[in-house]
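J.: My questions concern the predicted model and sequence given below.
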Amino acid sequence: MSGYYDLVIRNGKVIDGTGDPYVLCDIAVKDGNIADIGNIIKKETKEIDAEGHFVVPGFIDLHNHLDQGILQFPRAESHIMQGVTSAVVGNCGMSMAPCETSTLELLKNYNEPFLPSMSNYQWDWTDLSDFLKKVEEQNITVNLIPLVGHGTLRIAVKGFSNEGLDAEEMERMKELLRKCLEDGAWGLSSGLIYPPGTYADENELIEITKVLSEYGGIYTSHIRNEGGFLIESVKEAIRIGEENGIPVQISHHKALSSSNWGKVEQTLLLVKEARERGVDVAVDVYPYTAVSTTITSLLPSWALEGGIAAMLGRLEDPAARDQIFRTVKEPPGRGESLLKDVKWENIKICECAAKPEYEGLTLHEICGTNSFGKESLERFLDLLSEIRGNATMAVFAMDESDVETVIASPFSSIISDAWVTSPDAGGKPHPRAYGTFPRVFSKYVRERKILSIEEAVKKMTSMPAERIGLSDRGILKTGFKADIVIFNGEEINDRATFRDPHQYPEGIKYVIIDGKIVVEDGVFSGVRPGIVLKRENVSEINPDNPVNLNS
């Protein structure tokens, strides 16, 4: 019978995503699903000869910020070209909805550093459902899996106040969270280094995440501190999950600043011990030694109380500047400051709409100094005023051996932690936006041999699918969605660099989403089959899914 299958992929080295060794076989696709795996005799009109190539599930990026730029870049080439077929968005406490009219400007400022420089969003949505509908109307390429941000909810209820929530405000936040979960969100994210997330204490987080236990949602966290208080912050995330019996994902796990390098050995042991007593906790990691975030995160959190406008006002106040200097010089407790502890030649401006000429330059080059002091802080604060606090940066503050330790852990998934971009977007974004997943294969599989290729694929496919709760993606299995990547194991390589980040990787030949070819022979096809994967539209976790983090 002619045309029984829509597509047959032949002769590939098929890695199913579970960690099992690859098998030489064929895959047939019909109506967006995997219809058969094995020796497929029947010839089809559309066939791909994958001889000598690996055929794997589409990569699921468990932590990124695509939602903040997807309206501007619905093609999402930066992620599609590296094999990402589904992306979990709304991370680090930041989501684009829900919106309250009274605090909308604060929400815009909260998201602004991650928005494309040429974006002119109308913000004509109110709840998460409205925003997700608007996203789908853009005909996106990659599938999006939404979380809702704790910081976004807190802005809606209490703005940028550093005060605790009263009973009425807490109930309002819970109501907003329930509505978002009913609109399709898979869980709640927190960003506890970013105001207003930093103003929330552990009791607030335990109380609001009780809602997740009602809905079976996940709690993901950019934890409170990734330096001197790293261990305490990991313990806090675990306690929140343990208290409410909910899964916890510790985002982009790392140890910042040389005095803290090596602590990931202890934190991964904490994760192991928690799992052994029944806490569903895991971590994720990107394969670079530089972080990338907002430039205002270099300030003490109290300096951002009230939002960006209030912060800019403080920068004009000599007394407030003196207080910033004292706080950075002597952080409370065992805290630290990247401004003080990292050489300024290792802090680089990535994107800066107000002053594009600063993009790619270090604070050393802009401010004329390489270390923290009273005079250098004054120059930095002048810079913040000049750019209105709106820039992203890369900070080289991680240890390569720590990165390898976390990547090798059986509890880690691979993530990009990047926002969507395009070669015509300008700026100098962190190269993880283009190179994360190929880099793992070229550096940590092929060169460093930290992982087998099957282990690497598992960390990009079935593990993130299991963490978020997807039951029909992440594994090459009959009946599952036909999200597939085909690549050359000897040629796959990231090309993006900090100096020249807008470069697609090498070696990825085909990317298939929902059975449709979106990358063919290494070229974007223009087909855009992506949808928003809402939680109510996906069945419960498949009990036959063989994923096991302890295996």
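T.: Yep, it's here. Numbering: from 1, shown residues only.
J.: Please enumerate the helices of the stretch 301-450 of the chain.
T.: In the stretch 301-450 of the chain, the segments counted as helices under DSSP state H, counting those that start in this stretch are 308-315, 318-329, 338-341, 363-367, 374-386, 400-408, 432-439.
J.: how about those in TSV, adding mean pLDDT, distance to Ser129 and mean neighbour count?
T.: Where you see a C-beta, it was placed from the backbone N, CA and C, and this is true even at glycine. Listed next are the helices of the stretch 301-450 of the chain as TSV, based on pLDDT from 0 to 100; distance: least, Cβ to Cβ, whole Å; neighbours: other Cβ atoms under 10 Å:
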stretch	mean pLDDT	distance to Ser129	mean neighbour count
helix 308-315	95	28	16
helix 318-329	95	40	15
helix 338-341	90	38	19
helix 363-367	96	41	20
helix 374-386	96	36	16
helix 400-408	98	36	18
helix 432-439	98	28	28
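J.: Nearest to Lys210, out of these?
T.: helix 400-408 (29.7 Å; Cβ to Cβ).
J.: can you list contacts of that closest one?
T.: The contact list for helix 400-408 (Cβ atoms under 8 Å, 6 or more residues apart in numbering) reads 253-255, 261-262, 264-265, 268, 283, 285, 287-289, 412, 414, 440, 444, 448, 450-451, 459.
J.: ok now it, how far from the chain's centre?
T.: Mean-position distance between helix 400-408 and its chain equals 18 Å (Cα atoms, centre = their mean, to the nearest Å).
J.: And stretch 227-239, by the same measure?
T.: The chain centre lies 20 Å from the centre of stretch 227-239; the measure is Cα atoms, centre = their mean.
J.: List the contacts of that stretch.
T.: Defining contact as Cβ under 8 Å, 6+ apart, one finds that stretch 227-239 is touched by 192, 202, 205-206, 219, 221, 223-226, 248, 250, 255-257, 259-260, 263, 266-267, 270-271, 274, 279, 281, 333-336, 341.
J.: do stretch 373-389 as well
T.: Taking Cβ under 8 Å, 6+ apart as the rule, stretch 373-389 contacts 295-296, 298-299, 308, 311-312, 315-316, 321, 324-325, 328, 339, 344, 352, 354-355, 358, 363, 366-369.
J.: Next, find the distance separating Ser78 from Met170.
T.: Separation of Ser78 from Met170 (Cβ to Cβ, to the nearest Å) stands at 38 Å.
J.: And those two? Which one has more around it.
T.: Ser78 (30 against 17; other Cβ atoms under 10 Å).
J.: got the helices of the stretch 301-450 of the chain as a markdown table, with distance to Pro116 columns?
T.: Below are the helices of the stretch 301-450 of the chain laid out as a markdown table (distance: least, Cβ to Cβ, whole Å):
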| stretch | distance to Pro116 |
| --- | --- |
| helix 308-315 | 18 |
| helix 318-329 | 30 |
| helix 338-341 | 25 |
| helix 363-367 | 23 |
| helix 374-386 | 21 |
| helix 400-408 | 28 |
| helix 432-439 | 12 |
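J.: Can you say which of those helices is nearest to Asn143?
T.: helix 432-439 (15.5 Å).
J.: Contacts for the closest one next, please.
T.: 59, 61, 78-79, 81-84, 286-288, 292, 414-421, 460, 487, 492-496, 501-508.
J.: Show me where the stretch 101-250 of the chain has its helices.
T.: So, for the stretch 101-250 of the chain - with DSSP H, counting those that start in this stretch - the helices run 104-111, 128-136, 150-158, 167-182, 202-208, 210-215, 230-244.
J.: by contact count, what packs against the second one?
T.: Counting contacts by 3 or more Cβ pairs under 8 Å, 6 or more residues apart in numbering; DSSP states H and E, the secondary-structure elements packed against helix 128-136 are strand 143-146.
J.: now the strand it packs on, how far from the chain's geometric center?
T.: The answer for strand 143-146 is 12 Å, by Cα atoms, centre = their mean.
J.: Name the residues that touch it?
T.: Outside strand 143-146, the residues that touch it by Cβ under 8 Å, 6+ apart are 60, 66-67, 70, 85-90, 95, 128, 132, 135, 184-186, 468, 470, 483, 513-514, 530-534.
J.: Quick check: pLDDT value at the residue nearest to Gly58 when sequence neighbours are not counted.
T.: Among residues not flanking Gly58 along the chain, Thr85 sits closest, at 2.8 Å (Cβ to Cβ, 6 or more residues apart in numbering). What the model reports for Thr85 is a pLDDT of 98.
J.: just Arg334 next, same as before
T.: Looking at Arg334, the pLDDT reads 59.
J.: and what of Ile193?
T.: Reading off the confidence values, Ile193 has pLDDT 94.
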